[in-house]
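Chemist: One predicted model, sequence on top.
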Amino acid sequence: MAIDDELFRAVFGAHPAGVCLVTAAGPEGRPSGLTTSAVIPASMEPPLLIVGVGTGSRTLPAIRHSGGFAVNFLAEHTEWLSQRFADKSEDKFTDLDWQASEHAGGAPLLPAHHLSAVAECVVHQEVPAGDHIVFLGRIESATLHGRAPMLYHNRAYVHLPVPALSGTATAD
């Protein structure tokens, strides 16, 4: 017998996770995005990460359309961005000065001052998994912004004494 939704949330709420915005470009470059903590590293050779996207998400067709996505790892004190992208509204990018990725099918890259890091990916593989689609993304470019990460634990944003990385690094 499978566990119920409440226990599922409680079990994974007991495990702290980073908060990310997964973004993609839909038709005509229309930006799309969602908030998730379901991002994990998968492989160093080739460099792959795993991200889960709900089958009802508006971002799913954008990822499929463009063949790429960006994982914008939020920096601490950006709860408002996490909440905005968790909403179902279509105007999530209003007043955000984002740039289109050159490496991830035009996926929106959020301003560096909101991020601890960003990974620009192309879809390597897509796997159905219950009410989600699991994407393996091949990381084509990545940037560290030197800020402490946004964390989520027990259904709340938390700020741990995590030192920020020093400096900024980019690889592509």
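Modeler: Right, received. Where do you want to start?

Chemist: C-alpha from now on. contacts and neighbour counts both.
Modeler: Will do.

Chemist: Residue 63: what secondary structure?
Modeler: In three-state terms, and counting by DSSP: H, G, I helix; E, B strand; the rest coil, residue 63 is helix.

Chemist: what number of residues lie near it?
Modeler: Neighbour count of residue 63, defined by other Cα atoms under 10 Å: 26.

Chemist: burial measure for residue 37, as a count.
Modeler: Quick note: residue 37 (other Cα under 10 Å) scores 17 neighbours.

Chemist: Distance check, it against residue 9.
Modeler: Applying Cα to Cα, to the nearest Å, the value for residue 37 to residue 9 is 12 Å.

Chemist: Compute the number of surrounding residues for residue 67.
Modeler: Residue 67 has 20 nearby residues by other Cα under 10 Å.

Chemist: Enumerate every residue touching it.
Modeler: Going by Cα atoms under 8 Å, 6 or more residues apart in numbering, residue 67 touches 104, 105, 122, 123.

Chemist: any chance of those in CSV, plus pLDDT and neighbour count?
Modeler: Converted to CSV, the contacts of residue 67 look like this (pLDDT from 0 to 100; neighbours: other Cα atoms under 10 Å):
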residue, pLDDT, neighbour count
104, 97, 29
105, 97, 24
122, 98, 23
123, 98, 20
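
Chemist: correct me, but residue 20 touches residue 40?
Modeler: No. Taking contacts as Cα atoms under 8 Å, residue 20 lies outside contact range of residue 40: 10.8 Å.

Chemist: The two: which is more packed in?
Modeler: Between residue 20 and residue 40, residue 20 has the larger neighbour count (other Cα under 10 Å), namely 28 against 14.
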